[in-house]
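K.L.:
Predicted model and sequence below, questions to follow.
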Amino acid sequence: MAMRYEQSKEESGELLRLAIPRMARHPAAFSPLSYAVWYEYLAGINRELAEALDAAEADRRPLDDQAVAQLYRSHIEGPQAAVVNRLESGFDGILKNLGAYAAEFGSQASRYDDSLGEAGRKLGEGIDAAGIAELVHRLVEETRSMRGSVTEMEGRLKSSRGEMEGLRQKLASAREEALTDALTGLRNRRGFDLAAADILAGADGAARKCSMLMVDIDHFKRVNDTYGHLFGDKVIRSVGQVLAGCAREQDVVARTGGEEFALLLPASALAVAESLAETVRRRVEQGRIRRLGSEEAIGGITVSLGAAQRLPEEPIERLMGRADEALYASKRAGRNRVSTDRGGPRASAA
């Protein structure tokens with residue numbers, strides 16, 4: 001299971017230092033719940049919680065213990081579980097309603113069928129003109145009633161289809177959130193693994209001829225130590241934005257952990273991966289990132305990259321391993337460069 005918090009001891013210490021004055025502004029006790037709320041807010045890993053807290057501070061609403069507990073329950077304790085519970089409840093309600101509709105319609109249809117059978121028997125026994133007129137009038141009324149029931153049933157089914165589609169969209173949104181890295185908005189490792197498995201399971205050229213890039217921010221610990229861990233988070237987000245901007249629509253981009261990223265390039269020769277890697281490297285090197293609460297823009301951020309092309313029937317783990325080896329070759333050669341694993345005998349060995 002993926003850890004909820006990936007911050008180091010030093011990062012956590014800085015977040016604690018920043019959280020205490022925030023907590024002191026409000027009447028809520030210095031409780032673990034209150035600390036968790038402000039920790040996730042300051043770490044920038046919980047967008048919905050941040051929006052709720054920003055709104056509370058904008059309205060100058062003091063946060064007491066009850067308000068903090070509500071924020072914790074709504075945005076930390078189990079938003080995914082809450083979504084699942086709502087979806088289950090929604091589906092259950094729709095199914096129950098459809099069952100009631102079907103039973104009611106079935107009863108109406110049975111009564112109509114009985115009426116038709118009775119009319120047939122009476123006609124078979126022979127009746128006079130007045131009786132026929134009365135029978136026809138009654139059948140017309142019951143047919144009109146049955147038509148109304150059919151129309152109502154169609155409306156209820158249409159409404160239920162709309163509700164089901166809404167729930168389907170919420171389910172898709174919940175699934176996407178579970179596969180997304182909160183800090184960068186890219187796929188997380190699980191999201192990457194699932195997307196890669198889908199691509200490699202395909203029978204087309206996308207699977208047979210795909211390439212991989214591994215990316216790591218250079219001297220990231222030094223960046224954190226010099227400018228602070230919140231600036232380090234901003235660096236991670238900025239590099240993620242560069243990667244997303246350079247990738248093509250079919251490429252899979254993910255933050256796989258810490259300051260590390262991966263890109264899977266379907267139907268792409270090694271030369272394509274090398275070209276894209278160089279574009280990423282150059283854009284990161286040329287970028288400048290503004291410090292929080294300051295006009296100062298910091299440059300000199302660089303990344304090292306490793307590229308590899310998939311060998312026949314090669315598992316994704318081995319492909320990532322070769323790209324990672326190429327990445328560390330870039331590190332050893334001085335960083336801020338692209339290195340390539342060309343799949344020699346060592347890499348292709350079992």
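P.N.:
That came through, no problem. Numbers count the residues shown, from 1 in each chain.

K.L.:
any idea how far Arg342 is from Glu259?
P.N.:
26 Å (C-beta to C-beta, to the nearest Å). Heads up, the C-betas are built off the backbone N, CA and C, glycines and all.

K.L.:
more crowded one of these two?
P.N.:
Glu259 (20 against 11; other C-beta atoms under 10 Å).

K.L.:
Which parts of this protein are strands?
P.N.:
Listed in chain order, the strands of the chain (DSSP state E) span 211-217, 252-257, 260-265, 289-290, 297-298, 303-309, 338-341.

K.L.:
Just tell me which of these ends up closest to Arg47.
P.N.:
Comparing those against Arg47 with C-beta to C-beta, the closest turns out to be strand 252-257 (15.3 Å).

K.L.:
So which elements touch the closest one?
P.N.:
Applying 3 or more C-beta pairs under 8 Å, 6 or more residues apart in numbering; DSSP states H and E, we find strand 252-257 packed against helix 189-200, helix 229-246, strand 260-265.

K.L.:
ok so, going back, could the strands of the chain be laid out in a markdown table, adding mean neighbour count, distance to Ala201 and mean pLDDT?
P.N.:
A markdown table is the format used below for the strands of the chain (neighbours: other C-beta atoms under 10 Å; distance: least, C-beta to C-beta, whole Å; pLDDT from 0 to 100):
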| stretch | mean neighbour count | distance to Ala201 | mean pLDDT |
| --- | --- | --- | --- |
| strand 211-217 | 26 | 16 | 97 |
| strand 252-257 | 22 | 14 | 94 |
| strand 260-265 | 26 | 13 | 96 |
| strand 289-290 | 16 | 38 | 90 |
| strand 297-298 | 14 | 43 | 90 |
| strand 303-309 | 27 | 18 | 97 |
| strand 338-341 | 22 | 23 | 96 |
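
K.L.:
Make TSV from these and add distance to Asp114 to it.
P.N.:
Converted to TSV, these look like this (distance: least, C-beta to C-beta, whole Å):
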stretch	distance to Asp114
strand 211-217	70
strand 252-257	62
strand 260-265	64
strand 289-290	78
strand 297-298	83
strand 303-309	73
strand 338-341	78
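
K.L.:
now for these, which one comes closest to Lys331?
P.N.:
strand 303-309 (5.2 Å).

K.L.:
Direction included, what does that closest one pair up with?
P.N.:
strand 211-217 (antiparallel), strand 338-341 (parallel) (DSSP bridges).

K.L.:
before we move on, the earlier item: nearest to Val136, of the strands of the chain?
P.N.:
Nearest of these (C-beta to C-beta): strand 252-257, 68.7 Å.

K.L.:
Put the alpha carbons of the closest one into CSV.
P.N.:
Extracted C-alpha coordinates of strand 252-257, given in CSV (Å, rounded to 0.1, in the frame of the first residue of the first chain):
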residue,chain,number,x,y,z
VAL,A,252,2.3,8.1,-19.8
VAL,A,253,3.8,10.6,-17.4
ALA,A,254,4.1,9.9,-13.6
ARG,A,255,5.8,10.9,-10.5
THR,A,256,7.0,7.6,-9.2
GLY,A,257,8.3,8.9,-5.8
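
K.L.:
Helices of the stretch 101-250 of the chain, residue ranges please.
P.N.:
Remark: helices assigned in the stretch 101-250 of the chain by DSSP state H, counting those that start in this stretch are 129-178, 189-200, 205-208, 220-227, 229-246.

K.L.:
which of those sits most buried?
P.N.:
Most buried of these by mean neighbour count (mean count of other C-beta atoms under 10 Å) is helix 229-246; its value is a mean of 20.

K.L.:
Any stretches of the stretch 101-250 of the chain with poor pLDDT?
P.N.:
Counting by pLDDT under 70, the low-confidence segments of the stretch 101-250 of the chain come to 101-105, 108, 154, 156-158, 160-177, 203-207.

K.L.:
90 - rerun?
P.N.:
Counting by pLDDT under 90, the stretch 101-250 of the chain has low-confidence residues at 101-183, 188-191, 193-209, 224-225, 227-230.

K.L.:
so what are the domain limits for this structure?
P.N.:
Split into domains by automatic domain parsing, the chain comes to 9-77, 81-178, 189-348.

K.L.:
I'd guessed Arg208 sits against Glu313; true?
P.N.:
No. Using C-beta atoms under 8 Å, Arg208 makes no contact with Glu313, being 9.2 Å away.

K.L.:
closest one to Ser34 among the helices of the stretch 101-250 of the chain?
P.N.:
Among those, helix 229-246 comes nearest to Ser34, with 19.5 Å by C-beta to C-beta.

K.L.:
helices and strands around the closest one, which ones?
P.N.:
Other elements packing on helix 229-246 under the criterion 3+ C-beta pairs under 8 Å, 6+ apart are helix 9-24, strand 211-217, helix 220-227, strand 252-257, strand 260-265, helix 270-286, strand 289-290.

K.L.:
returning to what we had before: can I get the helices and strands packed on strand 252-257 in JSON lines with distance to Leu18?
P.N.:
Converted to JSON lines, the helices and strands packed on strand 252-257 look like this (distance: least, C-beta to C-beta, whole Å):
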{"stretch": "helix 189-200", "distance to Leu18": "27"}
{"stretch": "helix 229-246", "distance to Leu18": "8"}
{"stretch": "strand 260-265", "distance to Leu18": "25"}
